[in-house]
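Colleague: Let's see this in three dimensions:
(one chain, ligands or ions: 1)
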Amino acid sequence: MSRVLLLNRRDGDVEASVCKVDESRLPEGDVLLDVWYSGLNYKDALAITGRGKIIRGAWPFVPGIDLAGKVRASDSEAYKPGDLVIGTGWGLGESHWGGYAEVQRVDAAKLLPLPKGMSLEKAMLTGTAGLTAMLAVMELEAHGVEAGKGEVLVTGASGGVGSFATGLLHEAGYRVAASTGSPDAHDWLGRLGAARIIEREALAAGAARPLDSGEWLGAVDVVGGKTLEALLSRLKRHGTAVACGLAGGHALHTTVFPFILRGVRLIGVDTNTCPVPMRRQAWERLTRWLTDDLAGHLLADTIGLDDLPSYSERLLSGEIRGRLLVDVRK
Ligand SMILES: NC(=O)c1ccc[n+]([C@@H]2O[C@H](COP(=O)([O-])OP(=O)(O)OC[C@H]3O[C@@H](n4cnc5c(N)ncnc54)[C@H](OP(=O)(O)O)[C@@H]3O)[C@@H](O)[C@H]2O)c1
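Modeller: The predicted structure is shown next:
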């Protein structure tokens, strides 16, 4: 039997309950895993509360876009019993049952070996949110945003992706401006490495004019909408913005001026389908950069499967600072 968080649909609402399912009900896949840890991401919270159309598989459904654990049995040559593995994205917790299960069956193609030097716990403290932040930092570097050359803005800085981006950028030597709508997170963001705080409201109204005075050389944006519009108008010449999220809206109204008069670049990150070589590189760098000290600052709380519905509400209402680690066996 596998203890899982199971989502059911009833009269248009989503109901979440912790129950045991027989292993014969687990989905198809060539690797059977004992899942030790998962995480709670924005997307998971939308799935669990039913506030976003995340689930694309058949109901009932086990969510959780991240998982880490130990291989129990494998029909794949890539893994053998006892191997420690991580899985993020590739439809896990969206079209294929995900990480909120003590035992899960997954395709080997969705897994990576746990990098040397990384623990299962730290990997899931990182999860999709941390991986997204690392990929965003790699995109900034690839587009010429170098530490020491200019400040980098992080929006939604107190959330999972934003706090990881703040910590990782600081670790890499960048000067970070953290934009947040959470006054009680200011000191904490300072301890993560933010050199200054920008009030969320300063960007929330959108661009005052198509080109404003250039402030930042780079930006990691999880908010989207008017915030992204505003920061594009305030990037310095040849600056780069990495669009990661839509916590504040999915529409984007802008002009071509930042792109054609300042050479500004707007790059997207999709962690779900990120190619394997880039994923491996990101995990390898996370292993080096995510010090125990930084990990300790980034951990908001460790929760169990029973806690997921209430913590999903808290995450969506913006109460959580940092990352929620899910100890699946708790
Ligand atoms: N592209 C990808 O592959 C990828 C991967 C992971 C996540 N994402 C997306 O990235 C976004 C953030 O994910 P997350 O896991 O970091 O979520 P999260 O932990 O909930 O953080 C989002 C943060 O955005 C800010 N925020 C919330 N509502 C807002 C609003 N209405 N207007 C402006 N700011 C708002 C809050 O930060 P402050 O209080 O500090 O302002 C909040 O903590 C989501 O849209 C998610 O879907 C994308």
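Colleague: Every contact and neighbour count from this point should use C-alpha atoms.
Modeller: OK.
Colleague: Next, count neighbours for residue 269.
Modeller: 16 (other C-alpha atoms under 10 Å).
Colleague: right, and it touches residue 241 too?
Modeller: No: under the criterion of C-alpha atoms under 8 Å, residue 269 lies out of contact with residue 241, with a separation of 10.6 Å.
Colleague: got the residues of the stretch 151-300 of the chain near the ligand?
Modeller: Taking C-alpha under 6 Å from any ligand atom as the measure of proximity, the stretch 151-300 of the chain contacts the ligand at 156-162, 180-182, 200, 222-223, 244-248, 269-272.
Colleague: out of everything not next to it in sequence, what's closest to residue 280?
Modeller: Nearest residue to residue 280 in three dimensions, chain neighbours excluded: residue 112, at 7.9 Å (C-alpha to C-alpha, 6 or more residues apart in numbering).
Colleague: So that neighbour versus residue 106, what's the distance?
Modeller: Distance from residue 112 to residue 106, counting by C-alpha to C-alpha, to the nearest Å: 12 Å.
Colleague: out of those two, which sits in the busier spot?
Modeller: residue 106 (22 against 19).
Colleague: coming back round to it: could you point out the helix or strand that follows the helix or strand harbouring the residue nearest to residue 280?
Modeller: Using DSSP states H and E, residue 112 sits within strand 111-113. Stepping forward along the backbone from strand 111-113, the first helix or strand reached (DSSP H and E) is helix 120-142.
Colleague: In contact with the residue nearest the centre of the chain, which residues?
Modeller: For the chain, the residue lying nearest the average C-alpha position, counting by C-alpha atoms, centre = their mean, turns out to be residue 129 (1.5 Å). Shown here is residue 129, whose contacts under the criterion C-alpha atoms under 8 Å, 6 or more residues apart in numbering are 41, 160-161, 164.
Colleague: Mind pulling up the pLDDT for the residue nearest to residue 280?
Modeller: The predicted local confidence for residue 112 comes out at a pLDDT of 97.
Colleague: same deal with residue 322?
Modeller: Reading off the confidence values, residue 322 has pLDDT 89.
Colleague: Double-check it against residue 298; I have them as touching.
Modeller: Yes: the pair formed by residue 322 and residue 298 meets the contact definition of C-alpha under 8 Å, at 5.0 Å.
Colleague: Could you name every residue contacting both of these two?
Modeller: For the pair residue 322 and residue 298, residues contacting each of them under the criterion C-alpha under 8 Å, 6+ apart are 163-164.
Colleague: circling back to that earlier point, restricted to strands, list the residues of the stretch 151-300 of the chain next to the ligand.
Modeller: By the criterion of DSSP state E, membership of these in strands covers residue 180.
Colleague: Please indicate which of the residues of the stretch 151-300 of the chain next to the ligand are buried?
Modeller: The neighbour count (16 or more other C-alpha atoms under 10 Å) marks 156-162, 180-182, 200, 222-223, 244-247, 269, 271 as buried among those.
Colleague: Show me these that map onto helices.
Modeller: When these are checked against helices using DSSP state H, the ones located there are 160-162.
Colleague: now the residues you listed in a markdown table, with pLDDT and distance to residue 147?
Modeller: As requested, those are exported to a markdown table (pLDDT from 0 to 100; distance: C-alpha to C-alpha, whole Å):
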| residue | pLDDT | distance to residue 147 |
| --- | --- | --- |
| 160 | 92 | 22 |
| 161 | 96 | 20 |
| 162 | 97 | 18 |
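Colleague: Pick the one among those residues closest to residue 218.
Modeller: When these are compared for distance to residue 218 (C-alpha to C-alpha), residue 162 wins out at 13.8 Å.
Colleague: Who are the contact partners of that closest one?
Modeller: Taking C-alpha under 8 Å, 6+ apart as the criterion, residue 162 is in contact with 133, 154-156, 220-222.
Colleague: Which of those residues sits closest to the ligand?
Modeller: Within the set of those, residue 156 lies nearest the ligand; the separation is 3.4 Å, counting by C-alpha to the nearest ligand atom.
Colleague: Next, count neighbours for residue 317.
Modeller: Under the neighbour criterion other C-alpha under 10 Å, residue 317 is assigned a count of 9.
Colleague: And the pLDDT at it?
Modeller: Each residue has a pLDDT score; the one for residue 317 is 92.
Colleague: Make 32 the first number, not 1, from now on.
Modeller: That works, and once the first residue is 32, the last one we named lands at residue 348.
Colleague: how much space is there between it and the ligand?
Modeller: As defined by C-alpha to the nearest ligand atom, to the nearest Å, residue 348 lies at a distance of 7 Å from the ligand.
Colleague: can you map out the strands along the stretch 182-331 of the chain?
Modeller: With strands called from DSSP state E, counting those that start in this stretch, the stretch 182-331 of the chain shows them at 183-185, 207-211, 225-230, 247-252, 266-274, 296-299, 330-334.
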